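In: okay, here's the prediction I keep looking at, along with the sequence it came from:
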Amino acid sequence: MNVLTELKRHYDYALDLTDKRSRTWPMMSTPMIPLGTMAVYLVVVKYGPVFMKDRPAFNLRWVLFFYNFGLVILSAYMVHEFLMTAVEAGYSLQCEVLDFSYNPSALRILNVTWVYYVSKYIEVADTVFFILRKKTGQITVLHVWHHASIIFFWWFGTAYTPGGQAFFNPLLNCGVHVVMYTYYGLAALGPSLQPYLWWKKYLTKLQIIQFVIIAIHCIYSLIIECPYPKIFAIMALSYAIILILLFANFYRKTYNRQRPMNSQGKEPAYRNGVASHKQHTE
C-alpha cells in the first residue's frame, strides 16, 4: 500500500507541474487519455486485419482524397500559426525559454501546440484506412511506432513545453506534412496520376532530413547551455534519433534493395523510378 501511495503522490505532483492554462482543455486533464488511446490503437492494429480477413476491402478513394487534403489545410494552418507567433514573439532558433504567461503571443503558441497535439489523434485514421482497404503490408514497425508514440509525446509537449525551444519541431513537421499529405491526396485518385508522382521516395528523404535538423537543433540547445529545460531537449533528441534510424531502415529496405526478377527474368514495371507497389511514408 505504501508503494501505491507513493506512486500516487508522484503522479499528482507531476500533474501539478503541467501548464495550468491548458489543464482543463479537451484531452489534457490526464496522461491516461493518450495512453488509453495508444492501447486501443495497438488493439486495432492487432485485431483489425483479423476482422477484415474474410470481408471485402473498402473503396475509400474519395474519403482518402478529402481526408488527406483536409490534413494539408490543417497542416498549412499550423505552419502559419507557429511561424507568425514565433515572429510576433521574437523567437530565436538558437535559444528560447518557455513562457507560461497569459500574454497574447504565449497563449497563441499554446493554442496551436494543442491543435498540433489533437491532430495526432486525427492522423491515427491513416492506420484505420490501411486496415479497411486491406493494405496491412503498409502497417510497418515505423508506422505503428510513430502513430502510437506521437500522441503521448505531444500530450507531454503541450502539458509541459508549449512553446519556447519546442516551437521549432512541430513547425518543421507541419511543413513536411503539407507536402506529404498533398502526395497522398493525389495518389488516392488512382493509377492515372502515378506517372506524375515519381517523387514519392523523396518524401522519405525529406522526413529523414527533417529529423536530422530537429536533432541538430536539440544538440545545439544543449551545447550552448540554453535555459530551456535540458530534460525536454534530451527527450526530443532521443525521439528524433529513433525516427531517423527507423526511417533510414525503411528507406534502405524500400528503395535500395535489389529489384526482384519476374518469371521471365526481367525487372517488374517501374514508372519514373517508382515501383508499382506502394508503401506508406509516415
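Out: It's in.
In: helices along the stretch 1-150 of the chain, start to end?
Out: 2-16, 32-52, 61-89, 104-122, 125-132, 141-160 (DSSP state H, counting those that start in this stretch).
In: now those as a markdown table including distance to Ile208 and mean pLDDT?
Out: From N, CA and C alone the C-beta is placed, and that goes for glycine too. A markdown table is the format used below for those (distance: least, Cβ to Cβ, whole Å; pLDDT from 0 to 100):
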| stretch | distance to Ile208 | mean pLDDT |
| --- | --- | --- |
| helix 2-16 | 33 | 89 |
| helix 32-52 | 24 | 97 |
| helix 61-89 | 19 | 96 |
| helix 104-122 | 20 | 97 |
| helix 125-132 | 19 | 98 |
| helix 141-160 | 11 | 96 |
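In: rebuild the ones you listed as JSON lines, extending it with distance to Ile216 and mean neighbour count.
Out: What follows is the helices of the stretch 1-150 of the chain, written out as JSON lines (distance: least, Cβ to Cβ, whole Å; neighbours: other Cβ atoms under 10 Å):
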{"stretch": "helix 2-16", "distance to Ile216": "30", "mean neighbour count": "10"}
{"stretch": "helix 32-52", "distance to Ile216": "27", "mean neighbour count": "14"}
{"stretch": "helix 61-89", "distance to Ile216": "18", "mean neighbour count": "17"}
{"stretch": "helix 104-122", "distance to Ile216": "21", "mean neighbour count": "19"}
{"stretch": "helix 125-132", "distance to Ile216": "28", "mean neighbour count": "19"}
{"stretch": "helix 141-160", "distance to Ile216": "19", "mean neighbour count": "20"}
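In: ok, which of the ones you listed comes nearest Tyr196?
Out: Of all the helices of the stretch 1-150 of the chain, helix 61-89 sits nearest to Tyr196, with 15.4 Å by Cβ to Cβ.
In: return the distance of the closest one from the chain's centre.
Out: In terms of Cα atoms, centre = their mean, to the nearest Å, the centre of helix 61-89 is set 13 Å apart from its chain centre.
In: next one, pLDDT for Lys278 please.
Out: On pLDDT, Lys278 comes in at 40.
In: correction: Asn262
Out: For Asn262, pLDDT reads 49.
In: quick one on the thing from earlier: dump the helices of the stretch 1-150 of the chain to TSV, plus distance to Ile244.
Out: Formatted as TSV, those follow (distance: least, Cβ to Cβ, whole Å):
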stretch	distance to Ile244
helix 2-16	29
helix 32-52	22
helix 61-89	21
helix 104-122	19
helix 125-132	20
helix 141-160	11
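In: gap between the closest residue to Thr136 other than its chain neighbours and Met28?
Out: In this structure, Thr136 finds its nearest non-sequential neighbour in Pro49, 4.7 Å apart by Cβ to Cβ, 6 or more residues apart in numbering. Distance of Pro49 to Met28, given as Cβ to Cβ, to the nearest Å: 32 Å.
In: picking up where we left off before, out of the helices of the stretch 1-150 of the chain, which gets nearest to Cys95?
Out: Across these, closest to Cys95 is helix 61-89 (Cβ to Cβ), at 13.2 Å.
In: give me the helices and strands touching that closest one, please.
Out: helix 104-122, helix 125-132, helix 168-187 (3 or more Cβ pairs under 8 Å, 6 or more residues apart in numbering; DSSP states H and E).
In: distance between stretch 53-66 and the chain's centre?
Out: Per Cα atoms, centre = their mean, the centroid offset for stretch 53-66 relative to its chain is 23 Å.
In: cool, and stretch 133-153?
Out: Counting by Cα atoms, centre = their mean, stretch 133-153 is centred 10 Å from the centre of its parent chain.
In: can you dump the C-alpha atoms of it in PDB for me?
Out: The C-alpha coordinates for stretch 133-153 follow below in PDB (Å, rounded to 0.1, in the frame of the first residue of the first chain):
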ATOM      1  CA  ARG A 133      -8.500  -1.300 -47.600                       C
ATOM      2  CA  LYS A 134      -6.700  -4.500 -46.600                       C
ATOM      3  CA  LYS A 135      -3.300  -2.800 -47.100                       C
ATOM      4  CA  THR A 136      -1.800  -4.300 -44.000                       C
ATOM      5  CA  GLY A 137       1.600  -4.600 -45.600                       C
ATOM      6  CA  GLN A 138       1.900  -0.900 -45.200                       C
ATOM      7  CA  ILE A 139       1.500  -1.000 -41.500                       C
ATOM      8  CA  THR A 140       5.200  -1.200 -40.700                       C
ATOM      9  CA  VAL A 141       7.100  -1.100 -37.400                       C
ATOM     10  CA  LEU A 142       7.900   2.500 -38.300                       C
ATOM     11  CA  HIS A 143       4.200   3.300 -39.000                       C
ATOM     12  CA  VAL A 144       3.000   1.800 -35.700                       C
ATOM     13  CA  TRP A 145       5.700   3.200 -33.500                       C
ATOM     14  CA  HIS A 146       5.200   6.700 -34.900                       C
ATOM     15  CA  HIS A 147       1.400   6.800 -34.600                       C
ATOM     16  CA  ALA A 148       1.400   5.000 -31.200                       C
ATOM     17  CA  SER A 149       4.100   7.100 -29.500                       C
ATOM     18  CA  ILE A 150       3.500  10.600 -31.000                       C
ATOM     19  CA  ILE A 151       0.100  11.100 -29.200                       C
ATOM     20  CA  PHE A 152       1.700  10.800 -25.800                       C
ATOM     21  CA  PHE A 153       4.800  12.600 -26.800                       C
END
